[in-house]
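Novice: No sequence on hand, only this structure:
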């Protein structure tokens, strides 16, 4: 891990500690500790099992990504890739390009053509965003039927759908009209290149063009495997469902049984993790969650207990496992 990436991650941890100390007096901190200690074990265990289920279903999602690209990877290796990509995308924020490079490297080592590996890796990135949109639309539709969808949450949902939809649309455009996409993003590349030049780093033009063209070539083959793509998306959606279940059970462990709160808070913390400049939104997610907990009238100690335990399960657990599993890669010289 590079020094600056470690500093960024530690900064996020510092924010979490600051939140606990700043927003709570000594007696409240003691109440927080007591709240965590009295969390219902069976619900916490259920939350952990659902989160582990998420990682397995993500491995299955990887499996079908490779099948859609006309090749295959063993499920055992795909589950390992889930943790490795999570770790790399955390320590090297690059819009998930770091994790994608790990997938491509692992696949090519097994003799898989780089174009197919790239297609599979990028298909998974699209499916992650698409699955979140599906979950959010279904969740908000349920709230609408229940008559509990506030205007503010509806606006947030529409904004999120547009933002994530733009990513999916860009990937589709890359597949169908790569040169058009390159022309559209050229101004953005120019701004990024100027920023990188000030940091004495190489521009991204060549790598972006190579990535887009390689993906486009592979995508043309994948359109004939629509059944594999649909199955892959289904597994990605199930992975999201598992994560929501994890959050819900952790909430139940500390007395949070408001279905509306579960959906809204999950959407907010997921968007915070996506949009945050800090890797995986460490600190930012916790702060955003506390604000939403307050909106729903959830006790501060209970809210902080829920988000801290949930983040241990969904962030620190895969991060540490990813770091351990990446040792297999670090033993081999790599540019990643």
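Specialist: Structure received. Every value quoted in this text rests on a predicted model; they were computed, and no experiment measured them.
Novice: Show me what the helix or strand where residue 265 lies is packed up against.
Specialist: Residue 265 belongs to helix 259-275 when assigned by DSSP states H and E. Here helix 259-275 touches helix 114-146, helix 151-176, helix 226-253, helix 284-295, going by 3 or more Cβ pairs under 8 Å, 6 or more residues apart in numbering; DSSP states H and E. C-betas here are computed from N, CA, C, even on glycine.
Novice: can the ones you listed go into a markdown table with extra columns for distance to residue 66?
Specialist: Shown next, in a markdown table, are the helices and strands packed on helix 259-275 (distance: least, Cβ to Cβ, whole Å):
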| stretch | distance to residue 66 |
| --- | --- |
| helix 114-146 | 5 |
| helix 151-176 | 17 |
| helix 226-253 | 9 |
| helix 284-295 | 31 |
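Novice: Dump those helices to a markdown table, plus mean neighbour count, distance to residue 49 and mean pLDDT.
Specialist: A markdown table is the format used below for the helices and strands packed on helix 259-275 (neighbours: other Cβ atoms under 10 Å; distance: least, Cβ to Cβ, whole Å; pLDDT from 0 to 100):
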| stretch | mean neighbour count | distance to residue 49 | mean pLDDT |
| --- | --- | --- | --- |
| helix 114-146 | 20 | 19 | 83 |
| helix 151-176 | 15 | 28 | 74 |
| helix 226-253 | 21 | 8 | 93 |
| helix 284-295 | 20 | 22 | 81 |
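Novice: can you tell me how far residue 184 sits from residue 191?
Specialist: Distance check for residue 184 against residue 191: by Cβ to Cβ, to the nearest Å, it reads 14 Å.
Novice: Looking at these two, which is more packed in?
Specialist: When neighbours are counted by other Cβ atoms under 10 Å, residue 184 and residue 191 differ, and residue 184 comes out ahead with 12 against 9.
Novice: Quick check: residue 241 touching residue 135?
Specialist: Yes - counting by Cβ atoms under 8 Å, residue 241 does reach residue 135; the two are 7.0 Å apart.
Novice: shared neighbours of those two, which are they?
Specialist: Common contacts of residue 241 and residue 135 (Cβ atoms under 8 Å, 6 or more residues apart in numbering): none found.
Novice: Pull out the buried residues from stretch 99-113.
Specialist: Buried residues in stretch 99-113, counted by 16 or more other Cβ atoms under 10 Å: 99, 100, 101, 102, 103, 104, 105, 106, 107, 112.
Novice: Could you say which helix or strand holds the fourth one?
Specialist: If I follow you right, that is residue 102. Applying DSSP H and E, one finds residue 102 within helix 97-109.
Novice: go on, the last one?
Specialist: Taking DSSP H and E as the definition, residue 112 sits outside all helices and strands.
Novice: Report pLDDT for it.
Specialist: Looking at residue 112, its pLDDT is 88.
Novice: gap between it and residue 72?
Specialist: Distance, residue 112 to residue 72, by Cβ to Cβ: 8 Å.
Novice: hmm, back to that, ok, which of the helices and strands packed on helix 259-275 comes nearest residue 91?
Specialist: When the helices and strands packed on helix 259-275 are compared by Cβ to Cβ, helix 284-295 sits nearest residue 91, at 16.5 Å.
Novice: What helices and strands are in contact with that closest one?
Specialist: If contacts are counted by 3+ Cβ pairs under 8 Å, 6+ apart, helix 284-295 sits against helix 3-22, helix 259-275, helix 300-311.
Novice: ok, and for the last one, which residues are buried?
Specialist: This points to helix 300-311. Residues of helix 300-311 classed as buried by neighbour count (16+ other Cβ under 10 Å): 300, 301, 302, 303, 304, 305, 306, 307, 308, 309, 310, 311.
Novice: From these, pick the one nearest residue 247.
Specialist: Closest to residue 247, out of all of the buried residues of helix 300-311 and judged by Cβ to Cβ, is residue 310, at 5.6 Å.
Novice: was I right about the closest one contacting residue 48?
Specialist: No - taking contacts as Cβ under 8 Å, residue 310 lies outside contact range of residue 48: 10.4 Å.
Novice: Need the overlap of contacts for those two.
Specialist: Any residue near both residue 310 and residue 48 by Cβ under 8 Å, 6+ apart counts here, and that gives residue 246.
Novice: So which residue is dead centre in this protein?
Specialist: residue 274 (6.7 Å; Cα atoms, centre = their mean).
Novice: For that residue, give me its contacts.
Specialist: By Cβ under 8 Å, 6+ apart, the residues touching residue 274 are residue 281.
Novice: at 10 Å what do you get?
Specialist: Applying Cβ atoms under 10 Å, 6 or more residues apart in numbering to residue 274 gives the contacts 128, 129, 132, 160, 163, 164, 167, 280, 281, 285.
Novice: Roughly how far does it sit from residue 280?
Specialist: 9 Å.
Novice: Neighbours of the closest residue to residue 253 other than its chain neighbours, how many?
Specialist: Nearest non-adjacent residue to residue 253, counting by Cβ to Cβ, 6 or more residues apart in numbering: residue 43, 3.8 Å away. Burial of residue 43 is recorded as 17 neighbouring residues (other Cβ under 10 Å).
Novice: what do you get for residue 188?
Specialist: Residue 188 has 11 nearby residues by other Cβ under 10 Å.
Novice: Remind me which helix or strand it belongs to.
Specialist: Residue 188 belongs to helix 178-198, assigned by DSSP H and E.
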